[in-house]
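In: structure for the following, please:
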Amino acid sequence: MSTEPRLAEVTEPGPEQQASPGTDQAVKETLEDYTLRFAPRSYRRWTPMVVATTALGGIAYMADFSIGAGIGLAHGTGNALLAILVAALVIFVTGFPLAYYGARYNIDLDLITRGSGFGYFGSVLTSVIFASFTFIFFALEGSIMAQGLKLGLGLPLWLGYLVSTLMVIPLVIYGMSALSKLQVWTTPIWLLLMVAPLVYLVATDPGTVDRFLAYAGTDGEGGVNTAAVLLGAGVCLSLIAQIGEQIDYLRFMPPKTEANKRAWWTAVVMAGPGWVVLGALKQAIGVFLAVYILAEVGPTAAPEPIQQFKGAFDAMMPSWLVLPLAVVLVVISQIKINVTNAYSGSLAWTNSFTRVTGRYPGRMVFVLVNLAFALALMEADMFSFLNSILGFYSNCAIAWVVTVATDIGVNKYLLKLSPHAPEFRRGMLYAVNPVGVVAFVAASGLSIAMYFHALGDTLQPYSPVAAAVIAFALTPLMAVATRGKYYLRRTDDGIAEPILDADGNPSGATYECHVCRQQFERPDVAACLTHDAVVCSLCLSTDKVGDHVLPAAPAAT
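Out: Residues are numbered from 1 along each chain as shown. Model prediction:
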């Protein structure tokens, strides 16, 4: 048996065990959003459908219309639709295990990544990838809103970029509670404004469908081409990291029980991997609207959603109402997604910074950092080279998501080399697990080299395929080669009570952290090395000298 102390209950902390100022600040600022840790049962009071609606509200972005239009105009409708379908299938399959783990164990994608092949510090790599995703897409949505404000109100683009950035800050401050209200109340308006013009155009002018299907793209060939499909799919696959933003909401799902299991599964599938169904439809609609307005506005403006919906509204309503409605649609969409981008990006940056430095400067600092990056991209006119940015970025995102999804699906469930329940606490994990880190670095590195023609022009379109295949193959190979020994630094956290309840949900039993003196639920605490008490994962993250971190140990015998 293990000779280390096991705690049946929390002991009273001694007078010398005081929280540091940084820890106090971290606790106060994460009571709402649980930036660095498990989302406790006591906070998760929403029904599955409210959580799903909130999560789906975040995908109301207009970028899909631009992405679909760009692919369709370049490669033709047939190639674009196939590219969209291929990407959607990959995103759904890889997103399912990640969404399930986020909802079942109430942790975000960074915490899932830590215990799924990357290790405590290894997942900093992927946190930076995810943070980059949020500011790239914030910049894209902000650019689209600035285009709308310029067309509707005459604001210069630089001022529109600034307005679209600053207006989301008040909403992001209040975290999940404010975001859930915003998404629930604005979603019906957004759906009506998006769907109505499309239905009207198809019903009143069926010829628009024929012209859409026959559009051959700028090369004029019109036939299906494998390279064109894969190039288009690579751009669409840049959205694969969107599952991280979905999980930032899904981690607030209530416990799964016999009574709610149908609603629970429906919400997880719909708001987890199911987001891509609506995303793919929007991309296809983007191709349709771009072809519809192409003759009027030209190929440069056709990918702009404000132009697409202005043209669609123009066919169904008085001219005085067209521009205001188009601007309202763009503004609502931008707010709905960019509060999510700013929120999720701040979580990712905070996670990385706190682990590396042991300091927590406050989540709002990283909201501003993320927005600064996004504003810089907007002012650099990223919209004009959108597909190049997304095509490059997709290689990193694919390598990451496929690695984690493979670790869950293959290494945990088939090979059983990766621990079934995710672990994220410092002291329980090795700093770096070569399984995920090697698979991710090899897959992203080689696919990026292919993307930049380092392996020849013929292979360049296949870079997203290479990222997925290499990550899928190397993840189990590395687990077998290392025999799974680098997943857990220790298997015993020094607390007698099980971490999961009888239904397999994270236990709701509460303990007091002897450092910050706050109450935390069972999955979020571990025994302290130097005191007969427990420490929360947040205080473990900010413990610079490791006084409270349990030592490495083999499995208890």
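In: any idea how far Phe520 is from Cys513?
Out: Distance, Cys513 to Phe520, using C-beta to C-beta, to the nearest Å: 6 Å. No exception for glycine: its C-beta is placed from N, CA and C like everyone else's.
In: more neighbours, these two?
Out: Per other C-beta atoms under 10 Å, whichever of Cys513 and Phe520 has more neighbours is Cys513, with 27 against 24.
In: what about the stretch 451-557 of the chain, any weak spots by pLDDT?
Out: Within the stretch 451-557 of the chain, the segments meeting pLDDT under 70 span 554-557.
In: what segments of it are strands?
Out: For the stretch 451-557 of the chain, the strands defined by DSSP state E, counting those that start in this stretch occupy 510-512, 519-521, 525-527, 534-536.
In: out of those, which one sits most buried?
Out: Mean neighbour count, computed with mean count of other C-beta atoms under 10 Å, is highest for strand 534-536 among these, reaching a mean of 28.
In: related to what we said a few turns ago, what touches both of Cys513 and Phe520?
Out: Both Cys513 and Phe520 are contacted by Val534, Cys536, under the criterion C-beta atoms under 8 Å, 6 or more residues apart in numbering.
In: mind listing what's buried along stretch 532-548?
Out: For stretch 532-548, the neighbour count (16 or more other C-beta atoms under 10 Å) marks Ala533, Val534, Val535, Cys536, Ser537, Leu538, Cys539, Leu540, Ser541, Thr542, Asp543, His548 as buried.
In: among the residues you listed, which one sits closest to Phe38?
Out: The shortest approach to Phe38 among the buried residues of stretch 532-548 belongs to Ser537, at 7.1 Å (C-beta to C-beta).
In: closest to Pro434 out of the strands of the stretch 451-557 of the chain?
Out: Using C-beta to C-beta, these put strand 525-527 closest to Pro434, at 24.0 Å.
In: partners of the closest one, with directions?
Out: According to DSSP bridges, strand 525-527 forms sheet pairs with strand 534-536 (antiparallel).
In: and for the strand it pairs with, what are the contacting residues?
Out: By C-beta under 8 Å, 6+ apart, the residues outside strand 534-536 that reach it are 7, 10, 37, 495, 511-516, 518, 520, 524-528, 543, 548.
In: same check, this time on stretch 81-88
Out: 68, 71, 75, 224, 228-233, 235-237, 239-240, 276-277, 279-280, 283-284, 287.
In: tell me the mean pLDDT for the helix or strand where Leu325 lies?
Out: Secondary structure assigned from DSSP states H and E places Leu325 in helix 319-357. Taken as a whole, helix 319-357 has a mean pLDDT of 81.
In: for the helix or strand following that helix, name the packing helices and strands.
Out: Moving toward the C-terminus from helix 319-357, the next helix or strand (DSSP H and E) is helix 363-379. Packing contacts for helix 363-379, counted by 3 or more C-beta pairs under 8 Å, 6 or more residues apart in numbering; DSSP states H and E, involve helix 21-30, helix 124-153, helix 157-166, helix 169-173, helix 319-357.
In: let me know the angle separating helix 363-379 from helix 157-166.
Out: Relative orientation of helix 363-379 versus helix 157-166 (axes from the mean of the first three to the mean of the last three C-alpha atoms, to 10 degrees): 160 degrees.
In: mind listing what's buried in helix 363-379?
Out: Residues of helix 363-379 classed as buried by neighbour count (16+ other C-beta under 10 Å): Arg363, Phe366, Val367, Val369, Asn370, Leu371, Phe373, Ala374, Leu375, Leu377, Met378.
In: and the very next helix or strand once past that helix, what's buried?
Out: Per DSSP H and E, the first helix or strand lying C-terminal to helix 363-379 is helix 386-406. Of the residues in helix 386-406, 386-387, 389-406 count as buried by neighbour count, 16+ other C-beta under 10 Å.
In: equivalent analysis for stretch 321-340, please.
Out: In stretch 321-340, counting by 16+ other C-beta under 10 Å, buried: 322-323, 325-340.
In: then stretch 475-493?
Out: Buried, per 16+ other C-beta under 10 Å, within stretch 475-493: Thr475, Pro476, Met478, Ala479, Gly484, Tyr486, Tyr487, Leu488, Arg489, Arg490, Asp492, Asp493.
In: could you tell me the end-to-end distance of that stretch?
Out: 27 Å (C-alpha to C-alpha, to the nearest Å).
In: now do that stretch: distance to the chain's middle.
Out: Distance of stretch 475-493 from the chain centroid (C-alpha atoms, centre = their mean, to the nearest Å) equals 26 Å.
In: what's the answer for stretch 239-256, then?
Out: Offset of stretch 239-256 from its chain centre (C-alpha atoms, centre = their mean): 7 Å.
In: again, but for stretch 276-283
Out: 16 Å.
In: so what touches it?
Out: Residues contacting stretch 276-283 (C-beta under 8 Å, 6+ apart): 56, 59, 64-65, 67-68, 71, 80, 84-85, 87-88, 91-92, 95, 194, 236, 239, 242.
In: CA atoms of stretch 73-88 as CSV?
Out: Taking Å, rounded to 0.1, in the frame of the first residue of the first chain, the C-alpha atoms of stretch 73-88 are listed here in CSV:
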residue,chain,number,x,y,z
LEU,A,73,-15.4,31.7,-56.9
ALA,A,74,-11.9,30.2,-57.2
HIS,A,75,-12.8,26.5,-57.9
GLY,A,76,-16.4,26.4,-59.0
THR,A,77,-19.6,25.3,-57.2
GLY,A,78,-19.0,21.5,-57.6
ASN,A,79,-15.5,21.6,-56.2
ALA,A,80,-16.6,24.0,-53.4
LEU,A,81,-19.5,21.8,-52.3
LEU,A,82,-17.4,18.7,-52.2
ALA,A,83,-14.7,20.6,-50.3
ILE,A,84,-17.2,21.8,-47.7
LEU,A,85,-18.6,18.2,-47.3
VAL,A,86,-15.2,16.6,-46.9
ALA,A,87,-14.2,19.2,-44.2
ALA,A,88,-17.5,18.9,-42.4
